[in-house]
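Chemist: structure, please.
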Amino acid sequence: MNGRVAGALALIALAAGAWRARAPELAAPAAANGGSVITHDSLVAKRQPGPHGGGGETTAYDFFATVDRMPLVFRKRALHPGSAIGHHPQKEDEVYYVLSGEGEFILDGAVHRVGPGTAMLTRAGSSHAIRPIGRADLVLLIAYPNEQR
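Modeler: As a prediction, this is how the structure comes out:
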């Protein structure tokens, strides 16, 4: 991952907010465009326990998970109070971007406070965990290479 990828994720986050009100009219695959897809949170939201043994309840939004040959996993995850992404080793580069809320991000043993506009790059060989602080959800965009495609 490079600076352009992180910048693109930030622009995607801004665009998502701007289009939110118009999303229902855009919530269908555009098969005529070579397999391009437009989707919406409401179509992909799933309640899940915190990944990597983090516990609590989260909401995962797995965008484009069913798209063939998608080289990138692109996900939004809302960590509800009391949940977390548990501590785990990183096997590939991964980008986290905070859309809203406050959190505690532990990267290689160092604790960092994160909030809206914070981007975190975890490199292969590092380890990390993240949890919300306070009463609000910690909402993240997450992107990493899709090893299964």
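
Chemist: who's in contact with the host helix or strand of A143?
Modeler: According to DSSP states H and E, A143 maps onto strand 138-145. With Cβ atoms under 8 Å, 6 or more residues apart in numbering as the test, strand 138-145 has contacts from 1, 5, 9, 12-13, 71-79, 92-103, 130-132. Any C-beta I mention is one placed from the backbone N, CA and C, and that applies to glycine too.

Chemist: within the sheet, what are the partner strands of it, with directions?
Modeler: Its sheet considered, strand 138-145 pairs with strand 72-79 (antiparallel), strand 94-100 (antiparallel) by DSSP bridges.

Chemist: mind checking how far that strand is from the chain centre?
Modeler: Remark: strand 138-145 is offset 2 Å from the chain centroid, using Cα atoms, centre = their mean, to the nearest Å.

Chemist: can I get it in CSV, CA atoms only?
Modeler: What follows is strand 138-145 as a C-alpha-only set of coordinates in CSV (Å, rounded to 0.1, in the frame of the first residue of the first chain):
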residue,chain,number,x,y,z
LEU,A,138,-15.9,3.4,16.3
VAL,A,139,-16.6,3.3,12.5
LEU,A,140,-13.7,2.2,10.3
LEU,A,141,-13.0,1.6,6.6
ILE,A,142,-10.6,-1.3,6.1
ALA,A,143,-8.8,-2.4,3.0
TYR,A,144,-6.3,-5.2,2.3
PRO,A,145,-5.3,-7.5,-0.5
